[in-house]
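**Student:** Quick one: sequence plus predicted model below, questions after.
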Amino acid sequence: MGLRKLRVYNGPETESAGLSLLGESADPHTVRVTLGEILPTLADAVASDRTWLTDFEADEVTISSDLYDVLQAYRHFRRPGA
């Protein structure tokens, strides 16, 4: 009979708390996720007026320049009287 090797399970390698990781980050305090993964949760939190959102309102996020341009245009055309 051959020798059996034991392996230690350290949890999922590509998912963390239901969010899939896009790549390893140099900073251990950051996680890269797609906008599609977090947007429904954030939209619900805003609609529910969750107070924990204020804890993160000064945090910076990185988005693509294309998304920034679309958001700027949307903001411009959503102004009252526009």
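**Tutor:** On my side now, so go ahead.

**Student:** where in the protein is pLDDT low?
**Tutor:** 1-2, 11-26, 81-82 (pLDDT under 70).

**Student:** at 90 what do you get?
**Tutor:** For the chain, the stretches with pLDDT under 90 are 1-33, 79-82.

**Student:** Please enumerate the strands of it.
**Tutor:** 15-16, 19-20 (DSSP state E).

**Student:** Give me the number of neighbouring residues for residue 42.
**Tutor:** Neighbour count of residue 42, defined by other C-beta atoms under 10 Å: 13. Yep, even glycine has a C-beta here, placed from its N, CA and C like the rest.

**Student:** Could you check how far it is from residue 7?
**Tutor:** Residue 42 sits 37 Å away from residue 7, going by C-beta to C-beta, to the nearest Å.

**Student:** what's the answer for residue 74, then?
**Tutor:** Between residue 74 and residue 7 the distance is 50 Å, computed by C-beta to C-beta.

**Student:** Between those two, point out the one with more neighbours.
**Tutor:** residue 74 (9 against 5).

**Student:** show me what contacts that one?
**Tutor:** Applying C-beta atoms under 8 Å, 6 or more residues apart in numbering to residue 74 gives no contacts.

**Student:** Next: the one 3 residues further on.
**Tutor:** When contacts are counted by C-beta under 8 Å, 6+ apart, residue 77 touches no other residue.
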